[in-house]
Each structure stands twice: as structure tokens, then as C-alpha cells.
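Peer 1: pasting the sequence and the predicted coordinates here, then a few questions.
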Amino acid sequence: QMRLVQSGGGLVQAGGSLTLSCSVSASERTFANFAVAWFRQTPGKEREFVVGISGSGGATRYGGSARGRFRISRDNDKNVVNLEMNDLRPEDTAAYYCTLGRTYAVGALSEHYATWGQGTLVTVSS
């Protein structure tokens, strides 16, 4: 079974930047077959789709909150997906989760994803 391990996150001031990484334990051939996405969640709310990238990396899909400020990338040789977050705002404060898709294509719903990372907290101070 594939496993996702997240790193990065922490505390940053508004306007600052952070990069989250998601390392996937899978063969390179397998990893490239699946989309990867990032979701985020705050207490009492449902998980929100942030951004996703297709298996090859050729297609990306951004949620409204991320568009223009966040950038997702993947390295299929290293089985890593990165989320670069710029111009962070206090409302970006949340637990962020990377997740491996059930298919090659990017979906925006949590049910499109099968395996989840452990989550990492991002806190943006005003």
C-alpha cells in the first residue's frame, strides 16, 4: 500500500511564503499513474480542495482560494509533490493534507482520492 509523508508547514506572517512537500512511497511507474492533490481543513469545516496535479504533471486544477498564489509541481523521478504557497493570508491557516488520487485525472472532491498524508499545520499570522 502506498504511503504519503508530508513535510514543511509551520508559522508565517501574512504575505509570506511556505512550501509543503509530499513524498510518496511507490514505484516510479506507479506514482505517475495517479493524480495528487492538496486539501485543507479547519476545525468544524469540511476539507476544502486547494489544488491538484495529474499523473504526468501536465494538467493542474486550482481551487478558488489558491489560484494565482499557490503553485503545485511534481517530480515523478523522486515521487514528490510540492505545494509552493505565496502571499499567504490569515484565512489560509489550516491543516493541509496531500492525497493520492484513484485515477490519473485531477478531481476536486475528497472521494476522488484514496490515500492521505498525515496532515501538516500552516498558521498565518496577521
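Peer 2: Arrived safely. Numbering: from 1, shown residues only.

Peer 1: what about the residue positioned nearest the centre of the chain, which SS state?
Peer 2: Central residue of the chain (Cα atoms, centre = their mean): residue 38, 2.4 Å from the mean position. Under DSSP: H, G, I helix; E, B strand; the rest coil, the three-state class of residue 38 is strand.

Peer 1: what do you get for residue 46?
Peer 2: Residue 46 - assigned by three-state DSSP - is coil.

Peer 1: and if you look at residue 33?
Peer 2: coil.

Peer 1: count the residues that sit near it.
Peer 2: Residues within reach of residue 33, counting by other Cβ atoms under 10 Å, total 15. (C-beta placed from N, C-alpha, C; glycine too.)

Peer 1: so what's it up against?
Peer 2: 55, 104 (Cβ atoms under 8 Å, 6 or more residues apart in numbering).

Peer 1: secondary structure element for residue 20?
Peer 2: Assigned by DSSP states H and E, residue 20 belongs to strand 18-25.

Peer 1: for residue 81, name its beta-bridge partners.
Peer 2: As for beta bridges, residue 81 partners with residue 22, residue 74 under DSSP bridges.

Peer 1: check the burial of it by counting its neighbours.
Peer 2: 30.

Peer 1: and the nearest residue to residue 84 once chain neighbours are set aside, what is it in contact with?
Peer 2: Nearest residue to residue 84, sequence neighbours excluded (Cβ to Cβ, 6 or more residues apart in numbering): residue 71, at 4.5 Å. For residue 71, the contacting residues are 83-84, 86, by Cβ under 8 Å, 6+ apart.

Peer 1: before we move on, which element is residue 71 in?
Peer 2: strand 70-75.

Peer 1: sorry, back to before: tell me the buried residues in the strand holding residue 20?
Peer 2: 18, 20-24 (16 or more other Cβ atoms under 10 Å).

Peer 1: show me how far that strand is from its chain's centre.
Peer 2: Taking Cα atoms, centre = their mean, to the nearest Å, one finds strand 18-25 lying 8 Å from the centre of the chain it belongs to.
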